[in-house]
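Enquirer: Take this sequence and fold it.
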Amino acid sequence: MSLPKRLSLLIGLLALLPGLAGCGFQPVYGDRGGGASASELQYIAVSRVPERVGFRLRDELNRLFNNDGVASRYTLVVKLEDRSTVTAINRDSSDLRRDLRLVAAISLNQPGKDKPLFETRVFSDAGIDQLPSDFATLVAEDAAERRAVERLARDIRDRLALYFVRQQ
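Expert: Numbering: from 1, shown residues only. Okay, here's the model as predicted:
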């Protein structure tokens, strides 16, 4: 591209910058100048979620909400379901690959209110290779579970943050 064309392209892009300031984008994780915002996440207490995957999810949510020592205004109830399906089979009919799917039905509750403030279902998938070594397969299952929990927790956090931003 010649120098005059590059300069005209650069000038055109620079001319668009002032228009982007009012394009409607707003921060999700910070205050927009008053009122409640996604910083409300720190006031969410996550209720107990049974089983090991549930414990991992609760710990990850508490880490993402950053609510250490903050009094809670809301309670997040999570009903977690984990499903594992075989997606590939060897010639000898042994499993070659499985998919782990975590499905969480979440509801955000506030004390004193009968109806939940926000309800939705969130899911996350992770693939698991069945390896010749039992130990290697266990490590692969643990890593896949950890990845699925981290994705699920981030998705829950993002949906709750959007809920709080939309309440402003």
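Enquirer: Read off the pLDDT value for the closest residue to L117 other than its chain neighbours.
Expert: Closest residue in space to L117, ignoring its immediate chain neighbours: L108 at 4.8 Å, by C-beta to C-beta, 6 or more residues apart in numbering. Just so you know, the C-beta spots here come from the backbone N, C-alpha and C atoms, and that holds for glycine as well. You'll see L108 listed with a pLDDT of 94.
Enquirer: what secondary structure does L108 sit in?
Expert: Classification of L108 using DSSP: H, G, I helix; E, B strand; the rest coil returns strand.
Enquirer: how near is it to T120?
Expert: Between L108 and T120 the computed distance is 9 Å (C-beta to C-beta, to the nearest Å).
Enquirer: For these two, indicate the residue with more neighbours.
Expert: Between L108 and T120, counted using other C-beta atoms under 10 Å, the more crowded position is L108 (20 against 15).
Enquirer: so that one sits right up against Y74, yeah?
Expert: Yes - checked against C-beta atoms under 8 Å, the pair L108 and Y74 is within contact range at 5.6 Å.
Enquirer: can you list residues touching both of those two?
Expert: I44, L117 (C-beta atoms under 8 Å, 6 or more residues apart in numbering).
Enquirer: that older thread, and the residue nearest to L117, what are its bridge partners?
Expert: Per DSSP bridges, the residues bridged to L108 are L76, F118.
Enquirer: That one and R157, how far apart?
Expert: Between L108 and R157 the computed distance is 12 Å (C-beta to C-beta).
Enquirer: State the next helix or strand along the chain beyond the least confident helix or strand in the chain by mean pLDDT.
Expert: Lowest on mean pLDDT, DSSP states H and E among the helices and strands of the chain sits helix 3-20, with a mean of 75. Next helix or strand after helix 3-20 toward the C-terminus (DSSP states H and E): strand 44-46.
Enquirer: May I ask which helix or strand encompasses L96?
Expert: strand 95-109.
Enquirer: List the buried residues in that strand.
Expert: R98, D99, L100, L102, A104, I106, S107, L108, N109 (16 or more other C-beta atoms under 10 Å).
Enquirer: right, and the first one touches V86 too?
Expert: Yes - using C-beta under 8 Å, R98 makes contact with V86 at a distance of 5.4 Å.
Enquirer: Any stretches of the protein with poor pLDDT?
Expert: 1, 17-38, 87 (pLDDT under 70).
Enquirer: So which bits of the longest helix along the chain are buried?
Expert: For the chain, the longest helix by residue count, based on DSSP state H, is helix 134-166. For helix 134-166, a neighbour-count test (16+ other C-beta under 10 Å) marks 137, 140-141, 144-145, 148-153, 155-157, 160-161, 163-165 as buried.
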